[in-house]
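Chemist: quick one, structure for this:
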Amino acid sequence: MRSGMSSQHSHSVVRHCDHTQVKIHTIAELLLLSGQFRPIRTENTNGVEISVASAKEQINSSLSIVMEIVTDIAKIMTDLKSRWKVLCDMLYRLSDAVTVLIELCYFVTFECLAGNKPETHTGDTALVDKYAASYAGLEIKLSCVQLKRARLDELNATFIMDICSNISKYISVLTENCRGASERASDTATRDQFKLGIKSVTCAAGSLIASIKSYKSDRTPQHHTRVVTFCEPVLAASHALVCLATEEEFVDKGCDLNEDELEIQKSIFGPCMNIVSGCVQICKTLRDFTHDCNNNYYLHKAKSCQTSVVRSTSQLKHSLQKHLRLEFHTHGSSSLKDNRFTSVPNSEETDSPDGPRESSPFERKSPQSSDGQQRELSPFSRNSPLEMPRDISPFRSSPQPLESYENNTVQPGRNDLSPRSTVASSDLSFANTSVSR
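Modeler: Numbering: from 1, shown residues only. Below you'll find the predicted structure:
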């Protein structure tokens with residue numbers, strides 16, 4: 001009989017499960033379930049080299065990664081007590097891979113169905129990019145909840161700096177998205193409202209950063225309480241600004257599809273949503289299993305979730321091939337060995353722990369960009385803090401120091417380095433995270 005996990009380890013696994021579940025569910029709500037079809041501009045679709053052809057390669061890679069992670073989670077759940085850190089890292093990476101998959105599937109579907117329609121170009125005149133603002137608000141909220149829920153022994157220098165970097169980046173994204181509305185809104189009152197909202201967010205972030213710096217220099221319960229307290233104004237201010245920015249008058253109206261185009265959209269979004277559902281279910285299953293490690297029901301349920309994800313992956317590839325004429329090569333699932341993500345030639349070898357393997361999908365080379373540099377598949381090009389070397393500063397690629405908040409100014413960052421989640425499901429409601437559409 002398997003013995004239970006320690007409360008600290010199980011709490012960590014549960015937090016990661018909740019984080020992954022909330023993030024991918026919210027991304028799916030914003031893109032797949034919104035009922036609106038508009039162009040999106042993200043880190044995965046903004047590159048000068050991105051096209052339907054190059055997106056196809058990245059969709060194929062992200063599908064392989066998702067299948068491999070889900071397969072590995074189902075395999076090592078029986079050894080949860082000793083490999084909980086590996087599972088936390090897998091969940092962390094799963095949320096990234098599913099985010100990439102959803103965004104790229106949405107991108108290629110839009111380009112093929114609506115890219116040449118005249119109304120699609122009206123998005124260039126919209127004051128706010130709805131998805132970018134909503135996603136920035138989600139990341140800010142997740143980061144603040146991590147600070148609130150982190151144990152004292154988890155608030156090390158790397159963790160804190162990662163949190164600050166992520167908050168810094170996405171407040172920059174949010175305020176830059178709202179700047180157009182603050183300058184070109186139809187009436188003076190609305191322009192002033194946006195300006196005050198931007199100032200409120202940056203001031204709240206400055207107060208939070210100041211409290212974090214105080215805690216870094218003097219790690220006392222009093223300073224930790226300040227950090228938790230000043231998370232609340234950032235959450236409130238950013239949520240209010242996102243709600244204002246995503247009102248219908250400020251965002252792109254989207255484009256209409258005819259019946260045939262709607263059927264194609266459903267045939268692609270349907271399997272994509274099924275993949276999301278399978279990943280959400282395996283997160284729930286793993287979370288429940290941490291509290292009842294002797295119940296084999298959850299092991300069988302995890303296998304069912306894995307089978308569902310694999311089946312939905314095949315359906316998604318078939319739909320992309322049939323309707324968008326994207327050709328794919330089949331990749332096998334992986335098995336886990338030595339705490340590394342690996343892949344094997346085909347699914348029949350997944351149960352053989354000693355068979356020949358390729359390198360990790362997280363180490364494979366990305367498609368070459370037009371300037372000869374490699375483009376990361378991951379949406380954020382980041383390492384998990386569970387494996388982050390101590391000598392690597394999370395600000396190594398970030399253009400602004402923490403002190404930039406003291407003047408209430410923010411500069412757009414390039415890399416997202418958000419840390420591992422410490423989110424609790426009770427702290428995040430989908431109603432608040434998914435802004436009005």
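
Chemist: neighbours of residue 29, how many?
Modeler: By the measure other CB atoms under 10 Å, the count of residues near residue 29 is 17. Just so you know, the C-beta spots here come from the backbone N, C-alpha and C atoms, and that holds for glycine as well.

Chemist: could you list the domains of this structure?
Modeler: The chain breaks down into these domains under automatic domain parsing: 8-126+256-349+357-386, 155-251+388-408+417-427.

Chemist: what's the local residue count around residue 264?
Modeler: 18.

Chemist: which SS class is it?
Modeler: Three-state call for residue 264 (DSSP: H, G, I helix; E, B strand; the rest coil): helix.

Chemist: strands of the stretch 251-400 of the chain, residue ranges please.
Modeler: 336-337, 340-341 (DSSP state E, counting those that start in this stretch).

Chemist: any idea which of those strands scores lowest on pLDDT?
Modeler: Lowest mean pLDDT of these: strand 340-341, a mean of 36.

Chemist: can you give me phi and psi for residue 252?
Modeler: Its backbone dihedrals place residue 252 at phi -70, psi 140, with angles given as degrees, to the nearest 10.

Chemist: touching, it and residue 38? I think so.
Modeler: Yes: Residue 252 lies in contact with residue 38 (CB atoms under 8 Å); the separation is 4.6 Å.

Chemist: and stretch 227-234, how far out from the chain's middle?
Modeler: Between the centre of stretch 227-234 and the centre of its chain there are 22 Å (CA atoms, centre = their mean, to the nearest Å).

Chemist: got the buried residues for it?
Modeler: By neighbour count, with 16 or more other CB atoms under 10 Å as the criterion, the buried positions of stretch 227-234 are 227-228, 230-231, 233-234.

Chemist: just stretch 278-294 next, same as before
Modeler: For stretch 278-294, the neighbour count (16+ other CB under 10 Å) marks 278-287, 289-290, 293 as buried.

Chemist: what comes into contact with it?
Modeler: By CB atoms under 8 Å, 6 or more residues apart in numbering, the list of residues contacting stretch 278-294 from outside reads 1-5, 10, 13-14, 17-18, 20-21, 24-25, 66, 70, 73-74, 77, 80-81, 87, 91, 94, 98, 295, 298-299, 301-302, 305-306, 308-309, 312.

Chemist: from residue 20, how far out is residue 297?
Modeler: Distance check for residue 297 against residue 20: by CB to CB, to the nearest Å, it reads 21 Å.

Chemist: neighbour-wise, which of the two wins?
Modeler: The neighbour count for residue 297 versus residue 20, taken as other CB under 10 Å, is higher for residue 20 (27 against 11).

Chemist: dump the residue contacts of the more buried one.
Modeler: With contact taken as CB under 8 Å, 6+ apart, residue 20 is in contact with 91-92, 94-95, 279, 283, 421.

Chemist: show me the residues you listed that map onto helices.
Modeler: 91-92, 94-95, 279, 283 (DSSP state H).

Chemist: could you identify the most distant pair in those?
Modeler: Farthest-apart pair in these is 92 and 279; separation 12.9 Å (CB to CB).

Chemist: nearest spatial neighbour of residue 117, skipping sequence neighbours?
Modeler: Closest residue in space to residue 117, ignoring its immediate chain neighbours: residue 255 at 5.4 Å, by CB to CB, 6 or more residues apart in numbering.

Chemist: what mean pLDDT does stretch 233-249 get?
Modeler: Averaged over stretch 233-249, pLDDT sits at 94.

Chemist: ok, stretch 165-180 next?
Modeler: 92.

Chemist: low-confidence stretches in the stretch 301-437 of the chain?
Modeler: For the stretch 301-437 of the chain, the stretches with pLDDT under 70 are 328-437.
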